[in-house]
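Enquirer: Sequence and predicted structure are below.
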There are 2 protein chains.
Amino acid sequence: MDNRPIGVFDSGVGGLTVVRQIIKALPNEDIIYFGDTARVPYGSKSKETVTKFSSQIIRFLLSKNVKAVIIACNTVSSNSYDELIKEFDLPIIEVVTPGAEACLKETKNKIVGVIGTEATIKSGAYEKKLINLDSGVKVYQKACPLFVPLAEEGWTDNNISKETAEIYLKELLNKGIDSIVLGCTHYPLLKKCIGKVIGENVRIIDPAAETARKTKEYLKNLDALGNNKGKAEFYVSDNTEKFSFICQAVLKKVCLAKKIEIEKY
Amino acid sequence: MDNRPIGVFDSGVGGLTVVRQIIKALPNEDIIYFGDTARVPYGSKSKETVTKFSSQIIRFLLSKNVKAVIIACNTVSSNSYDELIKEFDLPIIEVVTPGAEACLKETKNKIVGVIGTEATIKSGAYEKKLINLDSGVKVYQKACPLFVPLAEEGWTDNNISKETAEIYLKELLNKGIDSIVLGCTHYPLLKKCIGKVIGENVRIIDPAAETARKTKEYLKNLDALGNNKGKAEFYVSDNTEKFSFICQAVLKKVCLAKKIEIEKY
């Protein structure tokens, strides 16, 4: 047993959808969450910058005595995981592998789509992981840079989000995909709209639930599950007000975030 | 005469539209430009964070021996100018005052619109400045958070940008505005699309040209004009490749940017 908290981080609020799944799968774990709201988004930035920011965040989480870190952000998982496991000596769990595994369970025709930020798609991480797990799979990728700002504007299911999804997803649909990975934590907010565009026959994969399930399995194998009350603490790099508001909406409970100076770590 | 360079900064590439005007108005000035591409955008962030980032940037520009600083970014001009002039002892020129003055020259019915980022609009800086300059003016403001990502996606004049502009600008048009300030350096990229939505009778004000004109006047009054070859150096906080590409497109000349660690300043 290990009663230290689990660290979870994301470039902003998106990772809270992963926290929601962790709370469901692991109700007896305490969580320390960090959202880099002063430097969000990561998805349009370079691998070097994303890795530098992520290292600072893991150093901060270590200062909070976490027993493991979950990278809730697809851009970080895709671009920086290999560097981060070299730098840090603690269990680090990312979202790409669980997302790819969940996708392979769902696909029947082995033609799959992956959507994400520019940085996630450019890294090719999902494609490599999927082909590594099953060399017979065909992967088509597409960056959808407007999905995050649309979700943040709250335009998750109007004409504009629908037309945007049509433009982005058209070429994937033409390839005959039967499942699609939502490779960005914001995209589940557009799930309804994406569903309308891709139709009922294409399955939508959100890596969050599978990530939580894998985290449980992983901690169990290490004999490191906790027996806590499931407390969660939230830290951000910009002001707390907007974050706390969204956090409460996602987790349906009071979330009081604290602001820290992340570049000092 | 003062042959030291002028410092110009922005959260990213947007400020290059201001640089273009400065080069036109002041061909004998050298320029040091900084774009905070690792932490862009500023428009969705808090006043405190925007001011902190801007202070670091001005300290960097001072290390390059600039004689004056032009804040090309509307979000910084709106939120942080008052703090920055307290902190730094050098001439600092912002874009809101020139933008407001240019607008008052154009309006006939004294009903004007201002569009910008969330942070610019929330600050109320344009409204205060306009009313301060002419208490008879009526100002209607609207934040347009999707305009920056649309411009960055290159969707500057398609169906989606048009529908987005219609939603954002509808309430301003209903108020009977006869001129509108583009209170964000990205928005001139959408000028054609905005023009179609607001019609020929509403004048579009881009503060950049007026800011360059005021800078010239200001330096002249200080007897601080330069007599240089008009060299420009570009610095960024994220990788240089993407920036250099856009820079060349905006300024029509070769721009080799250098990456620096801005948080060390």
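Expert: That came through, no problem.

Enquirer: Does A:T49 touch B:A38 like I think?
Expert: Yes. Between A:T49 and B:A38 there is a contact under Cβ atoms under 8 Å: 4.8 Å. In this view, the C-beta of every residue, glycine as well, is placed from N, C-alpha and C.

Enquirer: Tell me the backbone dihedrals of A:Q141, please.
Expert: When read as degrees, to the nearest 10, the backbone of A:Q141 gives phi -120, psi 150.

Enquirer: cool, A:A257 as well?
Expert: Dihedral angles (degrees, to the nearest 10) for A:A257: phi -90, psi 150.

Enquirer: what's near enough to touch it?
Expert: Shown in contact with A:A257 (Cβ atoms under 8 Å, 6 or more residues apart in numbering or on different chains): A:G35, A:F234, A:Y235, A:V236, A:T240, A:F243, A:S244, A:C247.

Enquirer: Neighbour count: A:T49 and B:A38, which is higher?
Expert: Between A:T49 and B:A38, B:A38 has the larger neighbour count (other Cβ atoms under 10 Å in any protein chain shown), namely 24 against 21.

Enquirer: host element of the more buried one?
Expert: Assigned by DSSP states H and E, B:A38 falls within no helix or strand.

Enquirer: That one is in contact with B:D238, isn't it?
Expert: Yes. Taking Cβ under 8 Å as the definition, B:A38 is a contact partner of B:D238 at 4.1 Å.

Enquirer: what is in contact with the two at once?
Expert: Residues within reach of B:A38 and of B:D238 at once, by Cβ under 8 Å, 6+ apart, are A:K45, A:T49.

Enquirer: rewinding a little: please report which of the contacts of A:A257 has the highest neighbour count.
Expert: Neighbour counts for these peak at A:G35, which has 28 neighbours (criterion: other Cβ under 10 Å).

Enquirer: so what's that one up against?
Expert: Residues in contact with A:G35 (Cβ under 8 Å, 6+ apart) are A:9-13, A:15-16, A:234-237, A:243, A:257.

Enquirer: circling back to that earlier point, which residues are common contacts for A:T49 and B:A38?
Expert: With Cβ under 8 Å, 6+ apart as the test, A:T49 and B:A38 both reach B:S237, B:D238.

Enquirer: Could you measure from the closest residue to A:A38 other than its chain neighbours over to A:G154?
Expert: Distances taken as Cβ to Cβ, 6 or more residues apart in numbering or on different chains place A:S237 nearest to A:A38, at 3.7 Å, with adjacent residues excluded. Here A:S237 is placed at a distance of 23 Å from A:G154 (Cβ to Cβ, to the nearest Å).

Enquirer: Comparing the two, which shows the higher neighbour count?
Expert: Taking other Cβ under 10 Å, A:S237 and A:G154 do not tie; A:S237 has more neighbours (26 against 11).

Enquirer: contacting residues for that one?
Expert: Neighbouring residues of A:S237 by Cβ under 8 Å, 6+ apart: A:G35, A:D36, A:T37, A:A38, A:R39, A:K259, A:I260, A:E261, A:I262, B:T49.

Enquirer: After the least confident helix or strand in chain A by mean pLDDT, which helix or strand is next?
Expert: Every helix and strand of chain A was ranked by mean pLDDT, DSSP states H and E. The lowest is helix A:240-251, at a mean of 91. Beyond helix A:240-251 in the direction of the C-terminus, DSSP H and E gives the next helix or strand as strand A:257-259.

Enquirer: which bits of the stretch 101-250 of chain A sit near chain B?
Expert: Contact residues, the stretch 101-250 of chain A versus chain B (Cβ under 8 Å from any Cβ of the partner chain): A:145-146, A:148-150, A:152-153, A:155, A:159-160, A:163-164, A:167, A:237-239.

Enquirer: Now do the strands in the stretch 151-265 of chain A.
Expert: For the stretch 151-265 of chain A, the strands defined by DSSP state E, counting those that start in this stretch occupy A:179-183, A:203-205, A:232-236, A:257-259.

Enquirer: Do me a favour and average the pLDDT over the third one.
Expert: Within the predicted structure, the mean pLDDT of strand A:232-236 is 97.

Enquirer: swap in the second one?
Expert: Summarised as a single mean, pLDDT over strand A:203-205 is 98.

Enquirer: List the neighbouring strands of it plus their orientation.
Expert: Strand pairing for strand A:203-205, using DSSP bridges, gives strand A:179-183 (parallel).

Enquirer: tally of neighbours for the residue nearest to A:T215 when sequence neighbours are not counted?
Expert: Distances taken as Cβ to Cβ, 6+ apart put A:I93 closest to A:T215, at 5.4 Å, once the chain neighbours are dropped. A:I93 has 21 neighbours, counted by other Cβ under 10 Å.

Enquirer: Same check on A:I204?
Expert: When neighbours are counted by other Cβ under 10 Å, A:I204 comes out with 16.

Enquirer: right, and it touches A:I180 too?
Expert: Yes. Counting by Cβ under 8 Å, A:I204 does reach A:I180; the two are 5.9 Å apart.

Enquirer: shared neighbours, these two?
Expert: By Cβ under 8 Å, 6+ apart, A:I204 and A:I180 have these common neighbours: A:I194, A:I198.
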